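In: coordinates only, no sequence provided:
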């Protein structure tokens, strides 16, 4: 069974641009969540989607958005990039987002210049 | 919100040694997970353990929910155990975990 797949693995952008990251969950998993990891703030929850609906959102500005498709694949978008958005973005999936194990992808390393 | 504290922040071991990592949390939780982040950034789920004790090979974990802490034991450590170990908790499901800052483990040959 394939794990959580994230693309691209690395991304370099400049300030002001926008970026879209993609995540394919484990087959059968319907909950997809996103986390941002930085050296200063650690791992922080961005948002979670279940059945194409955003169920939870973390404390991030509106420049961060996401969506989920009918096949449970998810994308997150960051508009008007800032230097501080440089981070490892991790996607995770689970069957229903309840009290169960969470499985992470390898992440997308975003560098904003 | 819930606060998660992990100790020690750094740990250096010789191969073959045993270690205990601790996770304290500030409120009652019904979801607690341990992860290992390898040097390439991959987060591997080690245990889902909101209470009780579990074992998986050389690793075991114990969570005492009433006292708000969890312990991760690594026995006979190997160089491949190096990386950062994270504890993460939530009061609800797995969709909104709060992570500790991690314990960075270095196992030397």
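Out: Arrived safely, thanks for sending. The structure displayed is predicted, hence computed values, not measured ones. Numbers count the residues shown, from 1 in each chain, chains lettered A, B, ... in the order given.

In: mind listing what residue A:65 touches?
Out: A:76-79 (Cβ atoms under 8 Å, 6 or more residues apart in numbering or on different chains). Where you see a C-beta, it was placed from the backbone N, CA and C, and this is true even at glycine.

In: likewise for residue B:45?
Out: For residue B:45, the contacting residues are A:101-104, B:33-35, by Cβ under 8 Å, 6+ apart.

In: which of those are buried?
Out: Buried members of those, counted by 16 or more other Cβ atoms under 10 Å in any protein chain shown: A:102-104, B:33-35.

In: tabulate those (CSV), appending pLDDT and secondary structure.
Out: Shown next, in CSV, are the buried ones among the contacts of residue B:45 (pLDDT from 0 to 100; DSSP: H, G, I helix; E, B strand; the rest coil):
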residue, pLDDT, secondary structure
A:102, 93, coil
A:103, 96, strand
A:104, 96, strand
B:33, 96, strand
B:34, 98, strand
B:35, 98, strand
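
In: possible to save the contacts of residue B:45 as JSON lines with distance to residue B:91?
Out: Output for the contacts of residue B:45, formatted as JSON lines (distance: Cβ to Cβ, whole Å):
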{"residue": "A:101", "distance to residue B:91": "17"}
{"residue": "A:102", "distance to residue B:91": "15"}
{"residue": "A:103", "distance to residue B:91": "21"}
{"residue": "A:104", "distance to residue B:91": "21"}
{"residue": "B:33", "distance to residue B:91": "14"}
{"residue": "B:34", "distance to residue B:91": "18"}
{"residue": "B:35", "distance to residue B:91": "18"}
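
In: so which residue is dead centre in chain A?
Out: The centre of chain A sits closest to residue A:34, judged by Cα atoms, centre = their mean, with a distance of 3.3 Å.

In: burial count for residue 105?
Out: Just going to use chain A. A count of nearby residues for residue A:105, using other Cβ atoms under 10 Å in any protein chain shown, gives 25.

In: wrong chain, I was asking about chain B
Out: The burial count for residue B:105: 20, using other Cβ under 10 Å.

In: quick check: it touching residue B:19?
Out: Yes: counting by Cβ atoms under 8 Å, residue B:105 does reach residue B:19; the two are 7.1 Å apart.

In: common neighbours of the two, please.
Out: B:11, B:13, B:74, B:77.

In: might you report the residue contacts of the third one?
Out: With contacts defined as Cβ under 8 Å, 6+ apart, residue B:74 is in contact with B:18-21, B:58-59, B:81, B:105.

In: and for the second one?
Out: With contacts taken as Cβ under 8 Å, 6+ apart, residue B:13 has the following neighbours: B:19, B:77, B:105-108.

In: nearest to chain A, of the shared contacts of residue B:105 and residue B:19?
Out: residue B:11 (17.6 Å; Cβ to the nearest Cβ).

In: which non-adjacent residue is nearest that closest one?
Out: Leaving aside its chain neighbours, residue B:11 sits nearest to residue B:105 (5.0 Å; criterion: Cβ to Cβ, 6 or more residues apart in numbering or on different chains).
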